[in-house]
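> Quick one, fold the following:
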Amino acid sequence: MNEHNNTSAYFQLFLAMAIVGSTIVISKLIADTFPTFFGTSLTLIIALIGITPLYLYHNKKNKITPTKSDWKYLVLQSLTGVVLFRVLSFYGLKMTSPVDAGIITSTTPAIIALIAMFLLKERISRNMWIGIVFAILGVSIINLFTDVHNSVESVNNKFLGNLIIIFAVVCEALFTIFRKKTPNIPAIHGSFHIIWIGLLLSVPFAFLDIDYSALRNYSFNDFLPILYYGVFGSVIAFFLWFDGVSKVSASVAGLFTGVMPVSAVILSFLLLNETIEWYHIIGIGLVLMGIYFGSKKGKRKV
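Numbers count the residues shown, from 1 in each chain. Got it, this is the predicted structure:
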């Protein structure tokens, strides 16, 4: 791959994860307003409405028929990266803060790299290891100095919420790994399929989850986070991530997930008035250094 293609892929991955990081903050707003599966289904309905015209246009020009193997991995992508990531994020954010959730997502690069070693047999370069160490160091500093008393939740609820977010991170890592298994599916096609599959998987639970008596109490403003998540967090982010991941290794793509906590922390401050401390800044800087080193080509594999 030439340098221009690398730069293009890095920009797509960076922007995709910046948007995903913003959805952590948006998810907090959704989780505080809507039942979990109902909120998940609403975001997917908006996403499906937004992406269907694009899919029909591109499929008319370049008709792609997924193979049996493709369908298997598309379902796995939808289950992990669409349904479970959303559901676990919504549940976790009912008990923890978006800043803490954003910090926890910084572990995604290490998880992706390790899973890629076993499932994709990818070898990790020295620069990649350096990048992973920087990213983990950034997370460790933030976790070490984070004041748990800033949260209104009890310590036990906060711990459980953080644990649920960790499972959401594992699902996001698996989503990236499974994407590498469908290299012949274009970004628009793949995004369309995992969205409608995700909607089919979540709708039955939404009917059980919904509080019908509360429907008349929702205002237009309550649905704005749903609209943002559906359009930006699903259609645009999925397209950028699908296209970018197809151009680089899973380990390199994994490092760009370090942008998630940076975006989440900054937007938590801007939108939710949460405090950004000096250790957040240092941690964010280390995460960005990790992305820099991880995206550099290394000559030696370890």
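> so what does the longest helix seen in the chain touch, helix or strand wise?
In the chain, taking DSSP state H as the definition, the longest helix is helix 3-31. The contact analysis (3 or more Cβ pairs under 8 Å, 6 or more residues apart in numbering; DSSP states H and E) places helix 3-31 against helix 36-61, helix 85-93, helix 98-104, helix 220-228, helix 237-245, helix 250-256, helix 259-272, helix 278-295. Backbone N, C-alpha and C define where each C-beta goes, glycine included.
> Try it again at 7 Å.
helix 85-93, helix 98-104, helix 220-228, helix 237-245, helix 250-256, helix 259-272 (3 or more Cβ pairs under 7 Å, 6 or more residues apart in numbering; DSSP states H and E).
> okay, the angle between that helix and helix 220-228?
Going by axes from the mean of the first three to the mean of the last three Cα atoms, to 10 degrees, helix 3-31 is angled at 150 degrees with respect to helix 220-228.
> Can you mark which positions in helix 3-31 are buried?
9-10, 12-31 (16 or more other Cβ atoms under 10 Å).
> Ok, stretch 162-176 next?
162, 164-166, 168-176.
> Closest to M117 out of those residues?
A173 (12.1 Å; Cβ to Cβ).
> From T96, how far off is H280?
16 Å (Cβ to Cβ, to the nearest Å).
> Over to Q77?
With Cβ to Cβ as the criterion, Q77 and T96 are 26 Å apart.
> Could you give the average pLDDT over stretch 276-283?
Here stretch 276-283 scores 78 as its mean pLDDT.
> tell me which residues in it are buried?
279-280, 283.
> Check the offset of that stretch from the chain's centre.
22 Å (Cα atoms, centre = their mean, to the nearest Å).
> go on, stretch 99-108?
11 Å.
> again with stretch 187-204
Worked out by Cα atoms, centre = their mean, stretch 187-204 lies 15 Å from the chain centre.
> Extract the C-alpha set from it and format it as CSV.
Taking C-alpha atoms only, stretch 187-204 is exported to CSV below (Å, rounded to 0.1, in the frame of the first residue of the first chain):
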residue,chain,number,x,y,z
ALA,A,187,-17.9,-0.6,3.2
ILE,A,188,-21.4,0.6,2.2
HIS,A,189,-22.6,-3.0,1.6
GLY,A,190,-21.1,-4.2,4.8
SER,A,191,-22.5,-1.3,6.8
PHE,A,192,-26.0,-1.8,5.4
HIS,A,193,-26.1,-5.6,6.1
ILE,A,194,-24.9,-5.3,9.7
ILE,A,195,-27.4,-2.5,10.4
TRP,A,196,-30.5,-4.4,9.2
ILE,A,197,-29.2,-7.6,10.9
GLY,A,198,-28.7,-5.7,14.1
LEU,A,199,-32.2,-4.3,13.9
LEU,A,200,-33.7,-7.8,13.5
LEU,A,201,-31.7,-9.0,16.5
SER,A,202,-32.7,-6.2,18.8
VAL,A,203,-36.3,-5.5,17.9
PRO,A,204,-37.8,-8.5,19.6
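> Can you tell me what sits against that stretch?
37, 40-41, 44-45, 47-48, 51-52, 54-55, 58-59, 64, 74-75, 77-79, 81-83, 182, 234-235, 238-239, 242-243 (Cβ atoms under 7 Å, 6 or more residues apart in numbering).
> In the stretch 101-250 of the chain, where is pLDDT below threshold?
139, 142-156 (pLDDT under 70).
> all helices of it, in order?
Assigned by DSSP state H, counting those that start in this stretch, the helices in the stretch 101-250 of the chain fall at 108-119, 126-145, 155-179, 187-209, 220-228, 237-245, 250-256.
> Tell me which of these lies nearest to F293.
That would be helix 126-145 among these, by Cβ to Cβ, at 4.1 Å.
> now the angle from that closest one to helix 155-179?
Using the same axes, to 10 degrees: helix 126-145 against helix 155-179 is 160 degrees.
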